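Peer 1: A predicted structure for the sequence below; I have some questions about it.
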Amino acid sequence: MKKYINLFVSKQAQEALSPIVIQARKYGFITLIALIVLLCAEIGGYFFLQTKIAALEEKQIVLASFVQTNKALEEKIAYFLFKKNLLVRFMRDDAQFSVYYDLFQDITSKAKLNVKLESFSVDKTRKTELTLSFDTYEEAQSFMKSIESPLFLDNFKELTISSFTVGTRKSITNEEIPVYRVELKGIFKEINENKS
Amino acid sequence: MRTSLKTDFSKLKLRTLYPVFIIWLINLIMIIAVITAIFRLVDHYTQYAQLRDSVDELQIKVNLVNENRKIDQAELDNLNQVLSRLIPDNEDYFLVISALEKLASETGFSLARYTINISASTAEKLSLSIDGSGDSESFLKLLNTYQYGGGRLITNESLEFSPLNFRSVRLSLNFYHKQPNNVIDVNNNKISEKDMLLIKSIVEKMNRQEVQVQ
């Protein structure tokens, strides 16, 4: 009776242990396989990089020798490109006053307009403000009509008359004579845009 | 009898646990090996990446030389000299004053009282407010020549001119300087004919202005 009880207890203990051992063995094998695969991949990657490095080292020697031979030329070219790019960038800061001033004078002379330019302003974004004066109403009217002509439309992106006033000025004989004043606001087309 | 059965059971337990223990011991060694290999691989990759960057940098320089091999080196030297005068590497107040004096003597428009616009100045731009006086003709001459007439690149961001009531004017002029860096723009590594013509046209303008003065 005693012997039976003992055997029963032992069997119970063994049965309780077995699933844990089986699981530990199963996951142990899986982990081992995964680790072997990982290590193999790493070794593969190492040799892949080794090949790449060897090829790059070879290429580096060839290129470095070329660069060393042509160092003076390379520096001159790099200097030119650097400064030229700066020049182009900095030139965008310029209002190019004389270019647009001459352009406006050219437009009025081509349009055969008798215009007195009282003030002219332009900034680097080509925004402009102009004050023009005319001795007669007919001259002012003729100018207003010409604003819609291709001469103006081809050279301005925008152009609006912000005011039209009649004032007076003193003539040589000290007489008060009327003066017709037109104020314009607009944006010039970029000079290169005009050419293209 | 009881003791004998217990010993048997312990032996059974050990016999079952040995392989598991060995597998996990191997796993432990493998984990250490994998981690060590990862570190080696990372080191190797860093070495590869550095080498690749260095080769890329060299390749850019090689392409730069190859793309521009046909350029006349003597001409390039001359154009570089012009560029270094227009935009010097470092700012020099003496050069600024000398450029303004040159402009004044070329145009007959007097430039006096220079004030530095600190708010408008940057690391590469010196902005000056300058009081000028003269007649409208000399002022227009100045406006035609200021960009390169002083031997430096000078810009003016906005200007108002009243020809009928002209007496004096306050000009805001910018002077530029910048030290070259070694960065090459891969998308813009060819000196085109247009680039050469641009600088040559500036040289022509500068020469023409000098001849006019003489």
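Peer 2: Sure, I can see it. Numbers count the residues shown, from 1 in each chain, chains lettered A, B, ... in the order given.

Peer 1: can we go C-alpha only for contacts and neighbour counts from here?
Peer 2: Noted.

Peer 1: gap between the spatially most central residue of chain B and A:Lys83?
Peer 2: With distances taken as C-alpha atoms, centre = their mean, B:Asn181 lies nearest the centre of chain B, 5.2 Å away. Distance of B:Asn181 to A:Lys83, computed by C-alpha to C-alpha, to the nearest Å: 10 Å.

Peer 1: by residue count, tell me the biggest helix in the chain.
Peer 2: Chain wasn't specified; assuming chain A. If you go by DSSP state H, chain A has its longest helix at helix A:2-69.

Peer 1: actually it's chain B I care about, not the one you picked
Peer 2: Chain B, longest helix under DSSP H: helix B:2-67.

Peer 1: I'd like the next helix or strand past that one.
Peer 2: helix B:73-86 (DSSP states H and E).

Peer 1: buried sites along that next one?
Peer 2: B:76, B:79-80, B:82-86 (16 or more other C-alpha atoms under 10 Å in any protein chain shown).

Peer 1: centre of the chain to that helix, how far?
Peer 2: 19 Å (C-alpha atoms, centre = their mean, to the nearest Å).

Peer 1: before we move on, what about stretch B:46-66?
Peer 2: Centroid separation for stretch B:46-66 versus its chain: 18 Å, with C-alpha atoms, centre = their mean.

Peer 1: report the buried residues of that stretch.
Peer 2: Here stretch B:46-66 shows B:48, B:51-52, B:54-55, B:57-65 as buried, counting by 16+ other C-alpha under 10 Å.

Peer 1: so where's chain A shaky on pLDDT?
Peer 2: A:1-17, A:192-196 (pLDDT under 70).

Peer 1: so which residue is dead centre in it?
Peer 2: A:Arg89 (11.8 Å).

Peer 1: return the distance of it relative to A:Ala34.
Peer 2: Distance from A:Arg89 to A:Ala34, by C-alpha to C-alpha: 58 Å.

Peer 1: what does A:Asn70 give?
Peer 2: According to C-alpha to C-alpha, A:Asn70 stands 52 Å off from A:Ala34.

Peer 1: chain center to the lowest-mean-pLDDT helix or strand in chain B: distance?
Peer 2: Least confident element among the helices and strands of chain B, by mean pLDDT, DSSP states H and E: helix B:193-213 (a mean of 83). In terms of C-alpha atoms, centre = their mean, the centre of helix B:193-213 is set 25 Å apart from its chain centre.

Peer 1: in terms of secondary structure, what does that helix contact?
Peer 2: helix B:73-86, helix B:93-107, helix B:136-149 (3 or more C-alpha pairs under 8 Å, 6 or more residues apart in numbering or on different chains; DSSP states H and E).

Peer 1: and these as TSV, adding mean pLDDT and distance to chain A?
Peer 2: Below are the helices and strands packed on helix B:193-213 laid out as TSV (pLDDT from 0 to 100; distance: least, C-alpha to the nearest C-alpha, whole Å):
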stretch	mean pLDDT	distance to chain A
helix B:73-86	93	6
helix B:93-107	89	14
helix B:136-149	88	6
